[in-house]
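> what would the 3D arrangement of this be:
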Amino acid sequence: ALVISTPTLADVYVGSAYSQTLAATGGKTPYTWSITTGTLPAGLNLNTSSGAITGTPTTAGISNITVQVADANGVTTSKSLTINVYAVPIVSTTSLPDGYLTTAYNQTLAVTGGKSPNIWSITSGTLPTGLSLNASSGAITGTPTATGSKTMTFQVKDANNTAATKSLTITVNAALVISTVSLPAGVTSTPYNQTLAATGGKTPYTWSVTTGTLPAGLTLNPATGAITGTPTATGNPTITFQVADANSVKTTKALSITITAAVTTLDQWSNLYSAAPNNTSASNLAVGSFTVGSGSNRLLLVSVIMEIGTAANPTISATYGGTALTQIKVTANTQREIVWTGYLKESQIGSGSKVLAITYSGATGNASALHVKWSSFTGVNQTTPVASSGGTNTATTSATFGSTITYVANGMTTVVAGNGGTPAVAALSTTPAFTVGTATTTNAQTSNTFTTATHTAAGSYASTTPVTWTGTTSAWSGLVVVSLQP
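I've put the predicted structure just below:
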């Protein structure tokens with residue numbers, strides 16, 4: 001009996017030459033071949049004499065055909081067969097995303113064309129440590145444990161063992177972290193400039209604020225992370241900053257910026273009283289009235305400079321509007337030049353003109369000269385207004401701070417000095433420098449005040465920092481130095 005013995009037709013790929021000959025048994029040769037239903041894939045042809053199907057297919061697809069063979073006696077038989085034309089397999093993944101340390105990675109390689117199932121492998125190079133390739137699915141998974149870039153050649157083979165390869169790179173970045181630990185405090189009306197920092201990820205970074213708002217007057221540069229501007233109001237806002245890397249991986253951190261008012265002089269040091277009481281004591285001596293200027297977080301400083309006939313340690317106190325001042329420092333160390341300084345805070349100052357009264361006792365040999373000065377400041381810390389203070393007396397024409405004076409950023413240090421001679425500019429060679437105030441003289445007793453040593457950064461003055469007078473001299477002098485805290 002005449003039988004078509006070809007069981008199946010081989011698969012073929014677009015653009016690849018194809019050649020398969022149909023076979024028959026039985027009957028009387030020669031045979032004549034034909035297709036009774038369906039059509040061959042575009043690009044293929046059937047030789048009716050030999051039964052050879054040849055050519056180069058041009059389009060992927062499935063062709064279902066019925067082939068017929070007729071022998072020399074005209075006897076015929078037919079069979080249904082299929083030719084599968086596949087596109088050539090191509091690794092269609094164009095690039096692999098970056099990975100990050102300690103972050104799970106999952107990316108599946110893709111292929112177009114070919115006949116499934118596919119088998120994946122790496123023919124050169126190695127995956128980053130911690131990652132593996134699933135040969136069946138092409139999934140690259142795992143958690144990277146080391147940074148760096150790895151380039152690999154991936155191969156995919158389809159069910160017909162037709163292969164395609166592609167070279168791809170995986171870069172593993174360190175975890176993206178905002179490394180800025182804290183932001184420095186700012187001061188109103190003072191330029192602020194601080195740049196946020198990040199590590200890891202892939203540059204460039206893009207910065208933003210996700211919750212909260214920057215202090216008024218400040219802006220964030222999204223490209224550089226620089227926070228700049230001039231603050232216009234005090235406050236302590238907490239802001240959540242976000243940084244996104246070039247892969248849009250994001251991380252956030254909450255940071256605070258404290259904006260304070262710098263310590264500034266409200267009322268310059270002014271001489272309120274100069275006289276020669278020539279007594280050893282006085283109680284509630286009204287030395288004058290004055291009004292402290294308007295401002296916030298004010299601090300009133302009052303200094304009493306006393307020259308006495310015999311070295312002693314007199315007691316000195318003061319009240320303003322009946323409220324006792326808190327003593328900061330008195331240079332009572334058995335010298336003839338005594339300098340006392342005290343303060344009142346915002347809640348104690350009030351408003352309007354008030355009387356300043358001085359009480360002292362123990363001015364041995366009589367108070368041959370008494371000077372009272374006052375000044376006020378704004379932006380002073382009301383809990384701890386004085387960062388540090390010092391003061392000394394000497395039996396010479398100069399005095400030193402006596403102890404290390406620590407000052408803080410945005411604070412101010414002021415010096416009140418007294419000397420029996422006639423002072424010229426004091427030899428304060430420290431940085432920041434002081435501005436010399438106005439000298440006042442009564443009964444050959446001179447009181448000189450040095451003011452407005454403002455501080456843009458924290459630091460300190462040595463205990464041996466000298467204040468020196470020139471001109472008419474005497475064998476005694478003294479000073480008090482006060483560093484105010486914002």
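> show me what the longest strand along the chain pairs with in its sheet, parallel or antiparallel.
Using DSSP state E to define each element, the chain has its longest strand at strand 299-312. Note on strand 299-312: by DSSP bridges, its sheet partners are strand 335-345 (antiparallel), strand 367-378 (antiparallel).
> so which bits of stretch 222-240 are buried?
Judged by neighbour count (16 or more other C-beta atoms under 10 Å), stretch 222-240 contains these buried residues: 225, 227, 229, 231, 234, 239. To be clear about C-beta, it is placed using only N, CA and C from the backbone, and glycine gets the same treatment.
> hmm, I was thinking of stretch 9-17
Within stretch 9-17, the residues that count as buried by 16+ other C-beta under 10 Å are 9, 11-14.
> ok, now stretch 194-203?
The neighbour-count check on stretch 194-203 (16+ other C-beta under 10 Å) flags 194, 196, 198, 200-202 as buried.
> return that stretch as CSV; C-alpha atoms alone will do.
The C-alpha coordinates for stretch 194-203 follow below in CSV (Å, rounded to 0.1, in the frame of the first residue of the first chain):
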residue,chain,number,x,y,z
GLN,A,194,25.2,74.3,55.0
THR,A,195,25.3,71.4,52.5
LEU,A,196,23.6,68.1,53.1
ALA,A,197,25.7,65.0,52.4
ALA,A,198,24.9,61.5,51.2
THR,A,199,26.9,58.4,50.6
GLY,A,200,26.2,55.4,48.4
GLY,A,201,23.8,55.1,45.6
LYS,A,202,24.5,56.4,42.1
THR,A,203,25.2,60.1,41.5
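> and for it, what's in contact with it?
Residues from elsewhere that reach stretch 194-203 (C-beta atoms under 8 Å, 6 or more residues apart in numbering): 98, 100-101, 171, 173-180, 183-184, 205, 207, 220, 224-228, 241, 243, 245-247, 249, 251.
> all strands for the stretch 301-450 of the chain, in order.
315-320, 323-324, 326-330, 335-345, 354-361, 367-378, 386-394, 398-400, 405-407, 412-419, 435-436, 440-442, 445-454 (DSSP state E, counting those that start in this stretch).
> now do the contacts for Glu346.
Going by C-beta under 8 Å, 6+ apart, the list of residues near Glu346 reads 296-299, 382.
> ok, back up a step: could you dump the buried residues of stretch 194-203 into TSV and include secondary structure?
Formatted as TSV, the buried residues of stretch 194-203 follow (DSSP: H, G, I helix; E, B strand; the rest coil):
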residue	secondary structure
Gln194	strand
Leu196	coil
Ala198	strand
Gly200	coil
Gly201	coil
Lys202	coil
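> quick check, nearest of the residues you listed to Leu266?
Distance to Leu266 across the buried residues of stretch 194-203 (C-beta to C-beta) is lowest for Gln194, with 28.9 Å.
> could you measure from the closest one over to Gly186?
The gap separating Gln194 from Gly186 is 8 Å, by C-beta to C-beta, to the nearest Å.
> please name the nearest non-neighbouring residue to Ala1.
Residue nearest to Ala1 in three dimensions, not counting chain neighbours: Gly26, with 4.9 Å by C-beta to C-beta, 6 or more residues apart in numbering.
> burial measure for that neighbour, as a count.
Per other C-beta atoms under 10 Å, the neighbour tally for Gly26 reads 14.
> list the contacts for it?
Neighbouring residues of Gly26 by C-beta under 8 Å, 6+ apart: 1-3, 71.
> 10 Å - rerun?
Neighbour list for Gly26: 1-5, 69, 71, 75, 77 [criterion: C-beta atoms under 10 Å, 6 or more residues apart in numbering].
> pick out the most distant pair among those.
Spatial extent of those (C-beta to C-beta) is set by the pair Ser5 and Val75 at 15.4 Å.
> out of the contacts of Glu346, which end up buried?
Using 16+ other C-beta under 10 Å as the burial test, those include 297-299 as buried.
> which one of those is nearest Thr260?
The nearest member of the buried ones among the contacts of Glu346 to Thr260, counting by C-beta to C-beta, is Asn297 at 9.1 Å.
> what helix or strand is the closest one on?
Under DSSP states H and E, no helix or strand contains Asn297.
> quick one: secondary structure of the nearest residue to Gly38 once chain neighbours are set aside?
Nearest residue to Gly38, sequence neighbours excluded (C-beta to C-beta, 6+ apart): Ile65, at 3.7 Å. Three-state call for Ile65 (three-state DSSP): strand.
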